[in-house]
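Trainee: this one's structure only:
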């Protein structure tokens, strides 16, 4: 197994040794290891979801505001004007 658990008596158990090579290779997603990581926390997943949702909401608002005031057309026009070659 990945780790050895030593029973010290009186209900006390401690992890004596990790098998690091196996843990790095394929053990990090095993249930007993996964449950001790931040990925097992519902609060963590809620925070990740809320951050993505907020980022999407900001993107939609910025796009809508730029579309409403015609900023994209002005940008394209100024870029095309800047690409013209001077005849002098």
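Mentor: Yep, that arrived. Just so it is clear, the structure is predicted and the values come from calculations on it, not from any experiment.
Trainee: phi and psi next, for residue 7.
Mentor: Per-residue torsions, residue 7: phi -90, psi 120 (degrees, to the nearest 10).
Trainee: residues near it, how many?
Mentor: Counted by other Cβ atoms under 10 Å, the residues lying close to residue 7 total 9. (Glycine included, C-beta is placed from N, CA and C.)
Trainee: please apply the same query to residue 55.
Mentor: 10.
Trainee: assumed it was part of a helix.
Mentor: Yes - judged by DSSP: H, G, I helix; E, B strand; the rest coil, residue 55 forms part of a helix.
Trainee: would you map the helices across this structure?
Mentor: 20-22, 31-34, 42-68, 71-82 (DSSP state H).
Trainee: the second one - what's its average pLDDT?
Mentor: In this case it means helix 31-34. Helix 31-34 comes out with an average pLDDT of 68.
Trainee: the last one now?
Mentor: Confidence for helix 71-82, expressed as mean pLDDT, is 66.
Trainee: do the same with the third one
Mentor: Averaged over helix 42-68, pLDDT sits at 93.
Trainee: same deal with the shortest one?
Mentor: With pLDDT averaged residue by residue, helix 20-22 scores 65.
Trainee: again with stretch 7-15
Mentor: 78.
Trainee: use 57 as the first number for this chain going forward.
Mentor: OK, 57 is where the count begins now, so the last one is stretch 63-71.
Trainee: for that stretch, buried residues please.
Mentor: By neighbour count with 16 or more other Cβ atoms under 10 Å, stretch 63-71 contains no buried residues.
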